[in-house]
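A.B. asks: Give the three-dimensional model of this entry:
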Amino acid sequence: MDVLLMLLVSVLYILSPVHPDNCEYNCQNGGIPSRICGKCLCFNHTGDHCELDDLWNNLVVDSTDIFLGLPFNMMCEVTNARGFGIIASKVEFFKVVDIGAEEPVYMLQNGSKCSEHNNIPGYKAKCGKGTDDVDSDVKLYTLQIARVKEDDATDWSCKINYPRIAIPPSKRLRIAA
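C.D. replies: The predicted model follows:
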């Protein structure tokens, strides 16, 4: 009878829901595993992944002076970025033009994979430091202008499609005299 009881308990245990002590699920961004395997308890919400709290992005340029016909690079720096990309997110560079905004390039951060997307010839997206590691605290995305043109002398900015993240102030590039 004891063997039969042990067998019944074993079968019930196997069929029972997985408990947190048996679940090897890692929560990102400060979450802790909930009683349901594959879910996290987060500061902001409960779900598969916790939201990032203090994510910040900034457009970085060495100088706002640009030279016609020469290459020019700018970076979008995302800090406090540990976990950024767990939920696939778009990083966009855009310039303000007469008819609104133009997006020559963007990057897609999906986990530890960053993909580059070029919309306009002469502009190139580059995934940089930290974009190959979802747990990296700093991620750098670069826009390379192959040859500066007159219409590049305008306001530029970068933004990330993520809840509650403001677009950083733009930088006005001007043709050097």
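
A.B. asks: Longest strand in the chain, please.
C.D. replies: In the chain, taking DSSP state E as the definition, the longest strand is strand 100-110.

A.B. asks: in its sheet, what does whichever helix or strand comes after that strand sit against?
C.D. replies: Remark: after strand 100-110, the chain's next helix or strand is strand 113-118, criterion DSSP states H and E. Here strand 113-118 has these sheet partners by DSSP bridges: strand 100-110 (antiparallel).

A.B. asks: Keeping just the C-alphas, turn the partner strand into CSV.
C.D. replies: Extracted in CSV, the C-alpha atoms of strand 100-110 (Å, rounded to 0.1, in the frame of the first residue of the first chain):
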residue,chain,number,x,y,z
GLY,A,100,7.6,67.2,-41.0
ALA,A,101,10.1,64.6,-40.1
GLU,A,102,12.3,62.3,-42.2
GLU,A,103,13.6,59.0,-40.9
PRO,A,104,16.7,58.0,-43.0
VAL,A,105,17.6,55.0,-40.8
TYR,A,106,16.4,53.0,-37.8
MET,A,107,17.6,50.0,-35.7
LEU,A,108,15.5,47.3,-34.2
GLN,A,109,16.6,46.0,-30.8
ASN,A,110,15.1,42.5,-30.1
